[in-house]
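K.L.:
dropping the sequence and predicted coords here.
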Amino acid sequence: MTSLRIAVPSSGVVVLCGEILLALLLVVVVFAFRHWVKQASLRKLPGPPSRSILTGNLRQMFDAGAMPFHVQLVNTYGNVMGLTGFLGDTRLVVSDPVACTAILLKQQDVFEVAPWSLETFRQSFGTNLLASTGALHRKQRKLLNPVFSIKHMREMTPMFQSVASQLRDILISKTETGAQELDMSDWLSRLALELIAQGGLGHTFHSLNPHVEESEFSRTIKEYMPSLAKLQVWTPLLPLVSRVPPRLLRLGVTCLPIPSLHNLIKITDCIHENAKAVFDLKKSLLEQGDEAFIGEVGEGKDIITILLRANLDVTDEERLPDDEILAQMSMFLFAATDTTTSGLSRILLMLSESQDVQEKLRQELTAAQERADGKLGYDELDQLPYLDAVCRETLRVFPPGNFIQRFTRSDTLLPLGKPVLTKDGPLMSVYVPQYTAVHLDIRAVNCDPDIWGPDAAEWKPERWLSPLPSSVAAARVPGVYSNLLTFIGGGRSCIGFKFAQLEMKVALSQLIPHLRFSLSKQEVVWRFGSIVTPTVKESTSFKPQMPLLVEQIQV
Ligand code: HEM
């Protein structure tokens, strides 16, 4: 018989560990109490009662069906309110344009991205735009901004058209025998993935090639967000390990009994290895000269090749090291796919609900395709007023991301455009202490009746065809796109907003003239999250779904 021997630590060690834990707990309690006292002014703001001592209003805020709750909050409490987070911590929720300007532009360094969010993206992909702050972020942006210029979007348009026409042909072949119910969310996500693969990386995932099996790279990218979501509760701990050397951290993590964490490491390793292979190929093509790109995916006009070229032409101080360029590649795949899929899905759903709008858009696109002999370029697409109106209106009323979150790095005074009625009376600014989570409600700003008029919450593409109310310009919303906050504004605004708009316009120009989309019997509802996603009513699956009836247009 074998005897089982367990090493029991001496009582001295146990006592020491206990004392260290107690001391740590005391530090946390003192810090939490100090913070609670400093947040006294925030607790005087209007806001809903807390639901739980432990989680406050967090469940209501982040529940998959939270959208009506957020709409009702703004209607009840206005543009500045306090909600309760963990253990009585107060979170600020704002949609006042003057406050948004302070958060995104004037006090950007105070209202930074939360440290755990930065660390999640750094650990996942390396030092990329979503993971950097301050001077490093500005340096990366400086080199990346020109890559998203209109000139480059123009050059990319034929490639976008070719990818979108593949989807058109697939849908045409699937509907040869008549109308079919198809999961358009799945098809649009394949399109978005292939567009960022070809346009961003000069690589193909074959996502729209029925004869080639989906690549490991493409499968893994899709698994990243759901795997991250499973680890959401742990992410606030990430900043604690930010200084641990990567090898040591990896060793420690592999010893932890958390299978979803091991899975996430496998996923990020796979993304890194595949991105590295594409990166090495692009670098070697660049060394061989322009001719080497002939016949390659993207033909040297993709974002990463343009970036690699630009990186050669800058001073040593401005140059990004290879690992930072590699980190941007993986991050782009993540930043560009779910957002665009959500936006495009919403447009198709709205067009399915409003057949008259779909028909009007079809007439505009068909005429434009005929004029351009089927080769609509960037400028032709840009000049189609109804297409532009449909895209803008959908991104206004239904932004793919409803909120962005910031975290104060120091105490500050947040100015307001309209007074907020606190328990101490009306105030034109709010004192926000350090370490406060601040949520900027994008949808509430985009649909503010004081800015857009009494029909602000309604989807009406026609509103963009006549001059907008003067209150729109007067509000000075700090957004990079059409007085909207959909892509936010300031130093951290969405760098890919022109890329995203082009994707949407190209996709619609290929699909709408040939296919009619209408609602199926299954009701589509939207799940609230960092990106809103469609699903069918009562579905328990996390996979986005949007069944629509698709049929060919008979000419
Ligand atoms: C409809 C589609 C899209 C929407 C609604 C959208 C929205 C946003 C928003 C709201 C942010 C700010 C996030 C924050 O600071 O917390 C952001 C950042 C970003 N987006 Fe987009 N995005 C879209 C498509 C794209 C595409 C196609 C790309 C790339 C090709 C892209 C790349 C990025 C990057 C790199 C950032 C980080 C910028 C920085 O921190 O400096 N996005 N996006």
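P.N.:
Sure, I can see it.
K.L.:
and the strands in this structure, which stretches?
P.N.:
80-84, 90-94, 111-112, 180-183, 403-408, 412-422, 425-432, 437-441, 515-519, 524-527, 533-536, 547-552 (DSSP state E).
K.L.:
nearest to N263, of those strands?
P.N.:
strand 533-536 (20.8 Å; C-beta to C-beta). Every C-beta, even on glycine, is put in place using the N, C-alpha and C of the backbone.
K.L.:
pull up the pairing partners for that closest one, direction included.
P.N.:
Applying DSSP bridges, strand 533-536 is found paired with strand 524-527 (antiparallel).
K.L.:
list the contacts of the strand it pairs with.
P.N.:
Residues outside strand 524-527 that contact it (C-beta atoms under 8 Å, 6 or more residues apart in numbering) are 64-65, 67, 349, 398, 532-537, 544-547.
K.L.:
tell me which of the strands of the chain lies nearest to S149.
P.N.:
strand 403-408 (24.4 Å).
K.L.:
can you tell me if the closest one touches the ligand.
P.N.:
Yes. Strand 403-408 reaches the ligand (C-beta under 6 Å from any ligand atom) through I404.
K.L.:
show me what counts as buried in that strand.
P.N.:
403-404, 406-408 (16 or more other C-beta atoms under 10 Å).
K.L.:
each with direction, which strands does it pair with?
P.N.:
Strand 403-408 is paired, per DSSP bridges, with strand 111-112 (antiparallel), strand 437-441 (antiparallel).
K.L.:
please enumerate residues in contact with it?
P.N.:
Counting by C-beta under 8 Å, 6+ apart, 103, 110-115, 117, 432-442, 488, 530 sit against strand 403-408.
K.L.:
contact residues of the stretch 351-500 of the chain facing the ligand?
P.N.:
399-401, 404, 486-488, 492, 494-496, 499-500.
K.L.:
so what's the residue count around the residue in the chain that the ligand sits nearest to?
P.N.:
Going by C-beta to the nearest ligand atom, the ligand is nearest to G496 of the chain, at 2.2 Å. Neighbour count for G496, taken as other C-beta atoms under 10 Å: 23.
K.L.:
what does V80 give?
P.N.:
Other residues close to V80 by other C-beta under 10 Å number 25.
K.L.:
got the contact list for it?
P.N.:
Here V80 is in contact with 45-46, 92-96, 99, 416, 420, 430 (C-beta under 8 Å, 6+ apart).
K.L.:
buried ones among those?
P.N.:
45, 92-96, 99, 416, 420, 430.
K.L.:
which intervals of this structure have sub-threshold pLDDT?
P.N.:
Confidence mapping of the chain against pLDDT under 70 gives the ranges 1-9.
K.L.:
residue nearest the middle of it, spatially speaking?
P.N.:
T339 (5.1 Å; C-alpha atoms, centre = their mean).
K.L.:
show me the contacts for that one.
P.N.:
T339 neighbours (C-beta under 8 Å, 6+ apart): 400-401, 500, 531.
K.L.:
do V98 as well
P.N.:
415-417.
K.L.:
could you do F160 as well?
P.N.:
Counted by C-beta under 8 Å, 6+ apart, F160 has contacts 195, 199, 502-503, 506.
K.L.:
likewise for K505?
P.N.:
Taking C-beta under 8 Å, 6+ apart, one finds 381-382, 384, 387-388, 391 in contact with K505.
K.L.:
tell me the residues of the protein that contact the ligand?
P.N.:
113, 129-130, 141, 196, 200, 332, 335-336, 339-340, 343, 399-401, 404, 486-488, 492, 494-496, 499-500.
K.L.:
buried subset of the contacts of strand 403-408, written for PyMOL?
P.N.:
In PyMOL, a selection of the buried entries from the contacts of strand 403-408 looks like this (16+ other C-beta under 10 Å):
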select buried, resi 103+110+111+112+113+114+115+117+432+433+435+436+437+438+439+440+441+442+488+530
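K.L.:
ends of stretch 489-500, what's the gap?
P.N.:
The straight-line separation of the ends of stretch 489-500 (C-alpha to C-alpha, to the nearest Å) is 15 Å.
K.L.:
how about stretch 170-188?
P.N.:
OK, stretch 170-188 end separation, C-alpha to C-alpha: 12 Å.
K.L.:
flag every buried residue along that stretch.
P.N.:
170-171, 175, 182-188.
K.L.:
then stretch 48-60?
P.N.:
Applying 16+ other C-beta under 10 Å to stretch 48-60 flags 48, 50, 55-58, 60 as buried.
K.L.:
so how far does it reach from one end to the other?
P.N.:
10 Å.
K.L.:
figure out how far that stretch is from the centre of its chain.
P.N.:
A distance of 26 Å separates the C-alpha centroid of stretch 48-60 from that of its chain, computed with C-alpha atoms, centre = their mean, to the nearest Å.
K.L.:
got the contact list for that stretch?
P.N.:
66, 69, 73, 76-77, 81, 83-89.
K.L.:
with neighbour count as added columns, please give the residues you listed in TSV.
P.N.:
Formatted as TSV, these follow (neighbours: other C-beta atoms under 10 Å):
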residue	neighbour count
A66	17
F69	16
L73	23
T76	11
Y77	18
M81	23
L83	23
T84	23
G85	17
F86	15
L87	12
G88	15
D89	18
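K.L.:
how about those, which pair is most distant?
P.N.:
Largest pairwise distance in those, by C-beta to C-beta, is 24.6 Å, between T76 and L87.
K.L.:
now list the buried members of the contacts of K505.
P.N.:
381-382, 384, 387-388, 391.
K.L.:
mind putting those residues into a markdown table with distance to F293?
P.N.:
Formatted as a markdown table, those follow (distance: C-beta to C-beta, whole Å):
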| residue | distance to F293 |
| --- | --- |
| L381 | 25 |
| D382 | 27 |
| L384 | 31 |
| L387 | 31 |
| D388 | 32 |
| C391 | 31 |
